[in-house]
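> Please find the sequence and the predicted model below.
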Amino acid sequence: MLSPGATATELAKEALGEEGQKVFASMTPLQRMADPAEIGAVAAFLASSDSSFMTASEVAVDGGLAQL
């Protein structure tokens, strides 16, 4: 399962505005929102044969938020 954190999609940017984006970014250890391509890369990995030995796993792509 893929569990993305705050992602800087066009819709999110429009809905949050610059200040809202800063708030979401400040909540992660990496101090930024994910680029949609970063989430897509993990989704592609999970859909590929490279993840064939993974089972019942959750992959948090959230800039370290789950680690806090």
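It's in.

> which residues of the chain fall in helices?
If DSSP state H is used as the criterion, the helices of the chain fall at 10-26, 36-47.

> Now do the buried residues in the first one.
Applying a neighbour-count criterion of 16 or more other Cβ atoms under 10 Å, one finds A12, L16, Q21, F24, A25 buried in helix 10-26. C-beta: built from backbone N, CA, C; applies to glycine.

> Can you say which two of these are spatially most distant?
A12 and A25 (11.3 Å; Cβ to Cβ).

> Now list whatever residues contact both of these two.
Each of A6, M33 lies in contact with both A12 and A25 under the rule Cβ atoms under 8 Å, 6 or more residues apart in numbering.

> got a list of what A66 touches?
The neighbourhood of A66, defined by Cβ under 8 Å, 6+ apart, consists of S3, A60.

> Please tell me the pLDDT value assigned to it.
Taken from the predicted model, the pLDDT recorded for A66 is 85.

> Can you pull out the low-pLDDT segments for the chain?
Low-confidence segments of the chain, defined by pLDDT under 70: none present.

> Next one: V61 from T28, what distance?
Applying Cβ to Cβ, to the nearest Å, the value for V61 to T28 is 11 Å.
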